[in-house]
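Peer 1: this one's structure only:
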């Protein structure tokens, strides 16, 4: 009860609790007997409206015993658990402590299940039904919010089931992504590219890289201006996984398809972030999850 | 407090003393005294009884206990016929497999139970209490064991009053042994409805039951032992909620255990050969057997009392006495208030059973039973839940198609693997882009992500109702579930 700013409330709560319990005991004691006129027919002699009589049906004494037990229980409970104002109780119980104990117990419970996966390769794990089931649950609880429950992603959130990887698709790289998170950063490049017209030309060149519909004249004009982009995306536009720069030559459009989307990207840039999971998940869980994600594009296990 | 003799302007209705209840007003000169409002338990020693109603009671004891003790041992295919698997959240009842989603059937059973209670109570009083209630049934079994070890009422009373000697010790020990054995067996059987009883039996023998199984066996066993061995009528009188509200369903045409006061009074002992007319006596010989056999310790001759559970033990024992005396049976019998006061014949009494409230209860009860059975009969062999994906609202995929993602939970209630075909309708050109066929194992429930696609210009931006149709094989059935397809701007 450290929330109280002064000791007054602690004393107040203690007093209300103790007085309440003592009052119950008092009531129990004094309601056991009553002064009444007793007739010999088990009525109390009280008569209303001429013929309405009060019966004397005493409470069985064992039931009074149950009330006494609740009072004893209250005393024992308050001695062991917090309840009397600031008193922490003999057991020193706290809800935080209970939570910690339950987390520790939960981790101890699942440790043997994960121990099975220690010696397994990601390839083996991706085929293992138990690992798959655990991976699916971890994915549903931690990843599906952004990447979708079918892992196909959506605008701004990468599709995990294709062969296109921003930061590398090996199991080790996926584990690294999960542990540390990723920041995908494209700075605004309009100034480096040139005029608004140049930007439009570059956009058409980018479209031409993947064979998408484009204005070939503008694309040809945009080609030399692409040098500003090549630092990250490479001279051939195939991207760079070390920097997280997307491949521009495939038909995958993470931030939108078409001339306008590309112009927007060049003008404004984009900061995209995948949060780190190392704080939330244990290394064993990360490993199972990584092999589950890896399985999407490598074993055909994805559905 | 007494009624003041003269309340200003108020007319005092004189109170008339009824013959067997003593004066209503306290006798003149009576003093106020301190009375205890808590009462020590007075042990009741019911005498064993045989007769028509007793046979019925024992028949119901055997019937209910045959079902209770026997049912968990029945096998059905590869599993226990009746098993409430709380861990896996599946209830198996013969060929039915119920999911938590079928909870409405529990409501149905409770409604049927309540209406049956109303109906039977309106017709013939506390039939449930007297014949089928577990409290009555186990008390009956425990009383029988008590009689086996300690003898009938008088022997038990004599021995309890006497000193502790070897005879008393071993008889009490034998009784305790039998009581505890029946209690434990009952607790074990109870747990056997929730844990497969064969493996539970093996664990029980090896003393290796799990902590919760052990707890519930002991808890339920102790409850049986305590309630049937010691609490007995106290449960009915002080703890049972049904006991109190059942009297609200009584009316003057309800069959109740009654004492025919006109015929019985004035009561008194007499020789078998004596002529009643000359002695000016009624048929009641005041043998007090009706009080001795009563499991709740009341005197039925004082009229209907809330403690009466309607078991008919007093009627049985009185009939044997009447026969011995050469009198007509039925001084204590099932009759109605109207029948007694209006001197109806049995046929007249029975004719009054069919009164509006009974017909209404019967009608509603039948309607609920039929509705429940029909619903169970027509129940689809699997269930489908459709949940729109919470991660992605809608997306455009390569090929320029709009895609929405759904998660379908398919719950197979059959004990064979089933294959399901998913299709979708609601918009022109709407297709399922994932594998539309999926297999779900026996009594399994599976979540499956399903992608649904629409051509890019297939619909204006907005939300459209669509329907998933899921077909199953080999058990052919169709379930349709609705959802929405979202077309983004």
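Peer 2: On my side now, so go ahead. In this text the structure is predicted, and so the values were computed from the model without any measurement. Numbering: from 1, shown residues only, chains lettered A, B, ... in the order given.

Peer 1: hmm, residue B:36 is touching residue A:56, no?
Peer 2: No. Between residue B:36 and residue A:56 there is no contact under CB atoms under 8 Å: 9.5 Å. Backbone N, C-alpha and C define where each C-beta goes, glycine included.

Peer 1: looking at the two, which is more packed in?
Peer 2: residue A:56 (18 against 13; other CB atoms under 10 Å in any protein chain shown).

Peer 1: identify the spatial nearest neighbour of the more buried one, chain neighbours not counted.
Peer 2: Among residues not flanking residue A:56 along the chain, residue A:44 sits closest, at 5.1 Å (CB to CB, 6 or more residues apart in numbering or on different chains).

Peer 1: assumed the one you found was part of a strand.
Peer 2: Yes. Assessed with DSSP: H, G, I helix; E, B strand; the rest coil, residue A:44 lies in a strand.

Peer 1: thought it was touching residue A:52?
Peer 2: No. Between residue A:44 and residue A:52 there is no contact under CB under 8 Å: 12.0 Å.

Peer 1: neighbour-wise, which of these two wins?
Peer 2: When neighbours are counted by other CB under 10 Å, residue A:44 and residue A:52 differ, and residue A:44 comes out ahead with 19 against 8.

Peer 1: ok, now how distant is that one from residue A:82?
Peer 2: 45 Å (CB to CB, to the nearest Å).

Peer 1: what of residue B:380?
Peer 2: Counting by CB to CB, the gap from residue B:380 to residue A:82 is 52 Å.

Peer 1: which residues of the stretch 201-350 of chain B lie near chain A?
Peer 2: B:234, B:238 (CB under 8 Å from any CB of the partner chain).

Peer 1: quick one: the helices in the stretch 201-350 of chain B?
Peer 2: B:211-224, B:233-234, B:241-246, B:261-264, B:276-279, B:289-293, B:313-325, B:337-342, B:346-351 (DSSP state H, counting those that start in this stretch).

Peer 1: mean pLDDT added to the ones you listed, as TSV?
Peer 2: TSV is the format used below for these (pLDDT from 0 to 100):
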stretch	mean pLDDT
helix B:211-224	96
helix B:233-234	90
helix B:241-246	86
helix B:261-264	90
helix B:276-279	78
helix B:289-293	95
helix B:313-325	94
helix B:337-342	91
helix B:346-351	89
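
Peer 1: turn the ones you listed into TSV, including mean neighbour count and distance to residue A:129.
Peer 2: Output for these, formatted as TSV (neighbours: other CB atoms under 10 Å in any protein chain shown; distance: least, CB to CB, whole Å):
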stretch	mean neighbour count	distance to residue A:129
helix B:211-224	17	29
helix B:233-234	18	56
helix B:241-246	14	50
helix B:261-264	15	78
helix B:276-279	10	88
helix B:289-293	21	66
helix B:313-325	21	63
helix B:337-342	16	71
helix B:346-351	12	67
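
Peer 1: can you pull the residues of the stretch 1-150 of chain A lying near chain B?
Peer 2: Proximity of the stretch 1-150 of chain A to chain B, by CB under 8 Å from any CB, involves residues A:31-41, A:43-47, A:50-51, A:53, A:56, A:58-64, A:140, A:144-150.

Peer 1: can you give me the helices for chain A?
Peer 2: Remark: helices assigned in chain A by DSSP state H are A:7-30, A:61-80, A:95-115, A:122-127, A:129-142, A:144-147, A:171-180, A:190-193, A:196-209, A:216-225, A:227-233, A:259-268, A:283-298.

Peer 1: may I see those organised as JSON lines, with distance to residue B:71 and mean pLDDT added?
Peer 2: Listed next are the helices of chain A as JSON lines, based on distance: least, CB to CB, whole Å; pLDDT from 0 to 100:
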{"stretch": "helix A:7-30", "distance to residue B:71": "44", "mean pLDDT": "92"}
{"stretch": "helix A:61-80", "distance to residue B:71": "34", "mean pLDDT": "93"}
{"stretch": "helix A:95-115", "distance to residue B:71": "34", "mean pLDDT": "92"}
{"stretch": "helix A:122-127", "distance to residue B:71": "44", "mean pLDDT": "86"}
{"stretch": "helix A:129-142", "distance to residue B:71": "34", "mean pLDDT": "92"}
{"stretch": "helix A:144-147", "distance to residue B:71": "44", "mean pLDDT": "91"}
{"stretch": "helix A:171-180", "distance to residue B:71": "51", "mean pLDDT": "94"}
{"stretch": "helix A:190-193", "distance to residue B:71": "79", "mean pLDDT": "89"}
{"stretch": "helix A:196-209", "distance to residue B:71": "73", "mean pLDDT": "92"}
{"stretch": "helix A:216-225", "distance to residue B:71": "79", "mean pLDDT": "92"}
{"stretch": "helix A:227-233", "distance to residue B:71": "72", "mean pLDDT": "91"}
{"stretch": "helix A:259-268", "distance to residue B:71": "67", "mean pLDDT": "92"}
{"stretch": "helix A:283-298", "distance to residue B:71": "43", "mean pLDDT": "92"}
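
Peer 1: mind checking which of those helices is nearest residue B:412?
Peer 2: Proximity to residue B:412 (CB to CB) singles out helix A:129-142 among the helices of chain A, at 17.0 Å.

Peer 1: just the angle for that closest one relative to helix A:95-115, thanks.
Peer 2: Here helix A:129-142 runs at an angle of 140 degrees relative to helix A:95-115 (axes from the mean of the first three to the mean of the last three CA atoms, to 10 degrees).

Peer 1: list the buried residues of helix A:129-142.
Peer 2: Buried positions in helix A:129-142, judged by neighbour count with 16 or more other CB atoms under 10 Å in any protein chain shown: A:131, A:132, A:134, A:135, A:136, A:138, A:139, A:140, A:142.

Peer 1: quick revisit: give me the buried entries from the residues of the stretch 1-150 of chain A next to chain B.
Peer 2: Buried among the residues of the stretch 1-150 of chain A next to chain B by 16+ other CB under 10 Å: A:36-39, A:41, A:43-47, A:53, A:56, A:60, A:64, A:140, A:144, A:147-150.

Peer 1: residues from the stretch 151-300 of chain A in reach of chain B?
Peer 2: Taking CB under 8 Å from any CB as the contact definition, the stretch 151-300 of chain A meets chain B at A:152, A:153, A:154, A:155, A:157, A:251, A:252, A:257.

Peer 1: thank you, goodbye.
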